[in-house]
Every structure is written in C-alpha cells, then in structure tokens.
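Enquirer: Starting from these lines, generate the structure:
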Amino acid sequence: VYDEKLDSHVWMLSNGVKVLLKKTDFKHNEIQFSARANGGYSLLEPEMMFKTILAANIVELSGIGNYTPADIEKFSKDKQFWVRTKINNDHESISGSSSVKDIEHFMQMLHLKFVAPRKDSKAFDSYISRVGSSILDRFNSPQGVFSEQIRLKKYSQNPRSIKFDADIVKNQDLDKSFSFYQQRFSNPASFNFVFVGNIDLLQMETLLSTYISSLPTNPRADQAIVHDILRARGKLTVNVEKGLVEKATVLLDFYGDSLWSHKNQMNLSALEYVLGSILRERIREEKSGVYGIGVKSAFSRLRNKHSTRISFTCDPNRVEELLAEIHKIIESLKVNNTEDKYVDNYIAQKLNARETKLATNAFWKDHLQWDAEADYQPIGLNEFRLLVGNIDKLKIKNAANSYLNIDDSLTAILLPEKPKAGAD
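Expert: Got it, this is the predicted structure:
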C-alpha cells in the first residue's frame, strides 16, 4: 500500500510482519531502521525484573548464533552496518543502520537477532565484572549518592523502583535474562519494522521475503502494563553533602497529572523554552550566578504525567539567593504576560528546527514508527505549524500555572562536605 500523505509504503508480509518503507535522497549511502513492540519490563514482577534488568546488554555482548563478539567484529571490518536490541520499561526495540551496499549483511544480522540470540557464560561473567566495578564507583560518587537520595525521597514506596548499585549487577541471572530476551523477541509480528533512506524497493522486497517473511511468528500481541509509579507528593526536599569540589548542584523539579495531547505537549514545550531563556538571561547573565542552567520538560502520553526540571550549578554560598530569584521568575510567569520576544523566538526556532528535521532520515524513521502505533495519531506538517503558530503569551501563562506547581515539587541540593572539626 502506498501512503501518499507520507510518501511511504506499507507492506504486510506473509507471516504478519508490518513493514513501513520510505525512500529518501537525504544521504546517498544511508538506510536507517527501527522496530518496536509493546511490553518491556512492565510485564515482569519486581523480583524478576531486578534479576534481568540488563538482559538486552547481556545478550548483545554475547554475540549471535555461533559467533562471538570478536567474530562479528572481524566480519564487520570494512562494512558499514550495525543492529542493536534494547528492552525498557514499556517496549522492546531494535535499531540500526546500514550503507546501501551492506544492506543484505544488515538483514542477515537482523534475522539472527530474532532466531539465534547467544548465551555465553564467559562473556556474561566478564560484563558483570566490568559493570560492577564502574557502578560501584559511580554509586559512591557525590552525584551517585545525590541521585540515590532523590530516588529514595520520590519512590521509597514503589516496589519497582531500582536501586542501581553493585548488588543489582551482581544478582543478574544469565539464564533468566536470556529467557526473558527470547520471550520479548519471539514474535516479530508484534513489531512494526521501519526502513528509511536510499532504498531500492525491488531489492528490499527480495530481502524482506528472504530474511523477515521467513521468521516464525504467532498471534500474541502484548501491551505494556501501566503500573502506578507511587511517587511521593508534596513539597519535597533533599539535601546532600558529599565531595570536596566547591560547587553546588541544584535541581528544582515540578510534577503533575494532566491529559496528554499534541496541544498540551506543545504548550509545555513552549513553557520550557521561554522559562529557559529567561533564566539564562536573569540568573546566568545578569546575576552571574551560575556555571550553567537549563530547563527540561517531559510529558508521558502513556501515563498522562508531566515533569519539568530546572538544574544549575553555582557557588555553594549563593544557592538560597538564586533559588529565591528563580521562584520569583516562575511566579511572574504565572501572573504576568511574558514579553513578545520569547514567544516569537520560540515559534521561529521550532519551525526552523522542524524544517531541518524534515530533511533527515532519523526524523522520518521516528515519525513512521509513531504512525504505525495503533493508538497514536501523529500530526502532519500543516497541523504542526498551526499548533506552533497558536502559541501566545496567554498559553505561556496558563502553562506556567498548570505545569509549575510548587505543591508537587522537589528541591534537591548537593553541597560539598563541610571540613571536619580540627582539620586544617
């Protein structure tokens, strides 16, 4: 089937696998790929999840079929392709890319990812040893201690929240990890396959028939289980003193529940941009108060939850002063109309960024992947432009009131350790 709107093709293979293909001329020697299915770790009970949380990495680093990682590296020399699997909370996925001439090698490897994952106890032991050492160092570092205290403050009541320390690495179970990987990649028909780039459609028809149509499938179609995250609510605070560097790290997080929509996502994006611009002007430039400051927002479509994080580093003696100024700026955004220049700049950069992305394979790969989701309707370019163009000062004010709720927030401060009594 040809999709005129997206200038793409949708093919249903004989074994039930859905494939979306878009031929582009953005890069003459690139084909990008992604495949995604629902489920992930959400399907496991906490105890089993903890024992298999590194399953995709463990299997990836074991090789494929009868081939060790060293064999694959030797074979791949002078070739341009890669394929990688991943399992997260809600999905399992495969990503990769290939040069035009190596696309058949890519398809061979993709086929093997489904039918011939490899279990290697020596590779497992080596990986666990390496990761365990690095995790131990990271967990005990100032940032590691800081992150763990934040996790405990937010998710101490959530049995699915992971304390990612050396013990969880040590307790990884090779057999259970391998079994879970096999389960999640046992049904290619549950994935939507997307190819974007300099594709020869006739060649792809042959390759898909050889390497993908031949994969065994079944009618099972899992859905991710949406677990309650059991996050602590209220005005939370975390204070940690760790390390000797005379620098403070400050995080100011805002949370909330709100129905996801393209419109609400855009309003939050605009707030992120405007707030970030004002904070850089007022806190970094005018007050010369921070080494760096940023704003990052997220909106979960699956869970209808949003978050916004303001993060900065500064002189430890100026933390309270700068936090007070940031709260003043936020309250001003809730009460007053922001200046036109911030809204105009957001609209201009958003539209320019979209025009740039439209000429990339990565954008269309992601767009087609979302387009293939049964419960998701991506917006077209004209709808996108309309949403962006409708951003105004009132929407920024309303977004600040909706998404920056101090009564559901966390303020976390990492300070250097105080000198011990009697120390020089």
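Enquirer: Could you use CA atoms for every contact and neighbour count after this?
Expert: OK.
Enquirer: Would you agree V319 is in contact with A248?
Expert: Yes - the pair V319 and A248 qualifies as a contact (C-alpha atoms under 8 Å) at a distance of 7.4 Å.
Enquirer: elements contacting the lengthiest helix in the chain?
Expert: Criterion DSSP state H: the longest helix present in the chain is helix 121-140. With contacts taken as 3 or more C-alpha pairs under 8 Å, 6 or more residues apart in numbering; DSSP states H and E, helix 121-140 sits against helix 142-155, helix 166-170.
Enquirer: The longest one vs helix 121-140, what angle?
Expert: To tie it back to what came earlier, the one meant is helix 142-155. For helix 142-155 against helix 121-140, the angle between stretch directions is 90 degrees (axes from the mean of the first three to the mean of the last three C-alpha atoms, to 10 degrees).
Enquirer: one step back: tell me which of the helices and strands packed on helix 121-140 lies nearest to E30.
Expert: Of all the helices and strands packed on helix 121-140, it is helix 166-170 that lies closest to E30, at 36.5 Å by C-alpha to C-alpha.
Enquirer: Could you check how far the helix or strand that comes right after the closest one is from the centre of its chain?
Expert: Scanning forward in sequence from helix 166-170, with DSSP states H and E defining helices and strands, the next element found is helix 174-184. Its chain's average C-alpha position is 23 Å from that of helix 174-184, according to C-alpha atoms, centre = their mean, to the nearest Å.
Enquirer: Next, the buried residues of helix 174-184.
Expert: Applying a neighbour-count criterion of 16 or more other C-alpha atoms under 10 Å, one finds L174, S177, F178, F180, Y181, Q182, R184 buried in helix 174-184.
Enquirer: quick one, that helix and helix 121-140 angle?
Expert: If you take the same axes, to 10 degrees, helix 174-184 sits at 100 degrees to helix 121-140.
Enquirer: quick one: average pLDDT of helix 174-184?
Expert: For helix 174-184, the mean per-residue pLDDT is 98.
Enquirer: For it, give me every contacting residue.
Expert: Identification of contacts with helix 174-184 by C-alpha atoms under 8 Å, 6 or more residues apart in numbering yields 39-40, 51-56, 58-59, 92, 114, 117, 119, 121, 124.
Enquirer: From these, which land in helices?
Expert: Short answer: those in helices (DSSP H) are K51, T52, A55, A56, I58, V59, F114, S121, F124.
Enquirer: How much space separates the fifth one from K77?
Expert: The span separating I58 from K77 equals 23 Å under the rule C-alpha to C-alpha, to the nearest Å.
Enquirer: what residues are up against P188?
Expert: Contacts of P188 by C-alpha under 8 Å, 6+ apart are V17, F114, L215, P216, T217.
Enquirer: Now it: phi and psi?
Expert: phi -60, psi -30 (degrees, to the nearest 10).
Enquirer: For the nearest residue to N187 once chain neighbours are set aside, report the pLDDT, please.
Expert: Nearest in space to N187, with sequence neighbours left out and distances taken as C-alpha to C-alpha, 6 or more residues apart in numbering, is T217 at 4.8 Å. You'll see T217 listed with a pLDDT of 96.
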